[in-house]
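Engineer: dropping a prediction and its sequence here:
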Amino acid sequence: MRVSTLLVVALLLLAGCTAAPPPAESSADTTTPDSSLGPSPTPHPATSPQVTAEVVEVVDGDTIKIRYENGSRDTVRLLGVDTPEVHTEVSPDEFGVPDTDAGRDCLRTWGERASQHAKDTLAGETVQLGFDPNEGKRGYYGRLLAYVYVDGESFNYGLIRQGYARMYDSDFVDRPRFSAAETEAQSDGRGVWGECATADPTASTGATDDTDDTDGTSGSDATASTTTDRLAVSVVADAEGNDNENLNGEYVTLRNRGDDSLDLSGWQITDEAGKTYTFPDGTTLAGGATLRVHSGSGADDGTDYYWNRSGAVWNNGGDTVRLSDADGELVVSLTY
C-alpha cells in the first residue's frame, strides 16, 4: 500500500510538470496603457505627501473632489498633467493630433478612458496629497493644485507614464521626471500617443513644434488680439528662435482704450494650464497707455513687466489668455 501511494504521488507530480503550458509570447498592445511598467521612480522630496483625504468624486481624468479627515471638502486639480477633455471641446493641437473628426473622436475616447481609469483607481479611496513649492496652492478656478498618491505611488506621474495624459508646461519641481516619462510614452506609442497618432494618415506620434512651448521656430501664427470697451489685449506667443531661450520675446500687451487711468493692482493674467501672473500693488495703466508682461526676467518700469518664469508660458499652437481683476472677476478672455 505504501509503495502504491508513493507511485501515485510521483505520477501526479510528473503530470503536473509536463502539463504546464510554455510561457506565452508577449503580445503587448502599445495603444493601451501598460499597468505593469514597474515601480515609479522616487518623486522629488519637496512634493512628498502632506495631507490625507478621501476621494468622494472623480470629475474627469485630472480633477477630483475630496473630503478631508475633518469633514470639509475640496476640489483638486492634479499637478503637471492634462488629460483629454470630456466635458468641453477637446484640443487636438495640444496633443499633436490633427484637428480632424478622427483626431477629435480619438481624443474624446481617451478622455473618457482617463476618467474611467481615475474612477477605477481613486473613487472611494483614501489618498495622500503633496504640493509643489514652485506652484501656488490654488489654480485659476480656485481648485487645489496637488500630487495625488495612492499606496505611495504618484497617480499624476502614472497618467503621463501610461499615456493617459500629456505634461502641461509649468515650473513644477518634478517636471524633469514627468518630461522623461512623456517622451518614453510617446516613443513607445502608449495610450493617446499610439491610437490617436494613427487616427489620421497625416498624424505624428507626439507633440509637434506648433504645439510645443520649447520651440518658437515652427512658423505658427501665434499672435492674436481682442478688445473690450476699456482694454485692448494681444499676445505674442511665438518668440524668435527657441521660446525657452528668448522668454522676453513672448509677451502679453494691454492697452487702455479709455481716458482715465486703470488701477491694475492685484489683477492677474492666467493661461490654460493655470500659470498665473499677478500685477504688483500700485500698477496703473494711464489712459491711452500700453504695457507688456514678458515671460522672462527683468526690472518692472511701468511699461514693461516681467513674469520671471524659467520656461515659456504661451503655447505656440494655441492657448487662452485670461485677464481677471483683483476680485477674481474675468475681464477679458483671448483664445488663439
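Structural biologist: Noted; the coordinates are in hand.
Engineer: after the host helix or strand of Ala114, which helix or strand is next?
Structural biologist: Assessed by DSSP states H and E, Ala114 sits inside helix 101-122. Next along the chain after helix 101-122, taking DSSP H and E as the criterion, comes strand 126-130.
Engineer: output the next helix or strand after that following strand in PDB with nothing but the alpha carbons.
Structural biologist: The element immediately downstream of strand 126-130 (helix or strand, assigned by DSSP H and E) is strand 144-150. C-alpha atoms of strand 144-150 as PDB (Å, rounded to 0.1, in the frame of the first residue of the first chain):
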ATOM      1  CA  LEU A 144      -6.300  72.900  -5.000                       C
ATOM      2  CA  LEU A 145      -3.200  72.000  -7.100                       C
ATOM      3  CA  ALA A 146      -1.700  68.800  -5.800                       C
ATOM      4  CA  TYR A 147       0.000  65.500  -6.500                       C
ATOM      5  CA  VAL A 148      -2.200  62.600  -5.600                       C
ATOM      6  CA  TYR A 149      -0.500  59.500  -4.000                       C
ATOM      7  CA  VAL A 150      -2.100  56.000  -3.900                       C
END
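Engineer: what packs against the helix holding Ala114?
Structural biologist: strand 51-60, strand 144-150, helix 155-161, helix 192-195 (3 or more CB pairs under 8 Å, 6 or more residues apart in numbering; DSSP states H and E). In this view, the C-beta of every residue, glycine as well, is placed from N, C-alpha and C.
Engineer: the second one - what's its average pLDDT?
Structural biologist: In this case it means strand 144-150. In this model, strand 144-150 carries a mean pLDDT of 94.
Engineer: which residues touch it?
Structural biologist: The contact list for strand 144-150 (CB atoms under 8 Å, 6 or more residues apart in numbering) reads 43, 47, 49, 51, 64, 74-80, 121-122, 125, 127-132, 135-139, 154-157, 174, 274.
Engineer: can you mark which positions in that strand are buried?
Structural biologist: For strand 144-150, the neighbour count (16 or more other CB atoms under 10 Å) marks Leu144, Leu145, Ala146, Tyr147, Val148, Tyr149 as buried.
Engineer: secondary structure element holding Arg309?
Structural biologist: Using DSSP H and E, Arg309 sits within no helix or strand.
Engineer: right, and it touches Leu247 too?
Structural biologist: Yes: using CB atoms under 8 Å, Arg309 is in contact with Leu247, at 6.4 Å.
Engineer: more neighbours: these two, which one.
Structural biologist: Leu247 (23 against 19; other CB atoms under 10 Å).
Engineer: quick check, pLDDT for the more buried one.
Structural biologist: So Leu247 comes in at 92 (pLDDT).
Engineer: my guess is Val81 meets Asn156, correct?
Structural biologist: Yes: between Val81 and Asn156 there is a contact under CB under 8 Å: 5.1 Å.
Engineer: mind listing the shared neighbours of the two?
Structural biologist: Common neighbours of Val81 and Asn156 (criterion: CB under 8 Å, 6+ apart): Phe178.
Engineer: show me the domain layout of this protein.
Structural biologist: 45-207, 223-335 (automatic domain parsing).
Engineer: would Leu254 count as being in a strand?
Structural biologist: Yes: inclusion of Leu254 in a strand is indicated when DSSP: H, G, I helix; E, B strand; the rest coil is applied.
Engineer: which residues does it bridge with?
Structural biologist: For Leu254, the beta-bridge partners are Val233, Leu291 (DSSP bridges).
Engineer: neighbours around it, how many?
Structural biologist: For Leu254, the count of nearby residues is 24 (other CB under 10 Å).
Engineer: so which bits of stretch 183-200 are buried?
Structural biologist: 185-186, 188-197, 199-200.
Engineer: of these, closest to Asp263?
Structural biologist: Comparing these against Asp263 with CB to CB places Val192 closest, at 44.1 Å.
Engineer: what is the nearest of the buried residues of strand 144-150 to Arg257?
Structural biologist: Arg257 has its nearest neighbour among the buried residues of strand 144-150 in Leu145, at 34.1 Å by CB to CB.
Engineer: in the sheet, who's paired with the closest one?
Structural biologist: When bridges are assigned using DSSP bridges, the partners listed for Leu145 are Arg77.
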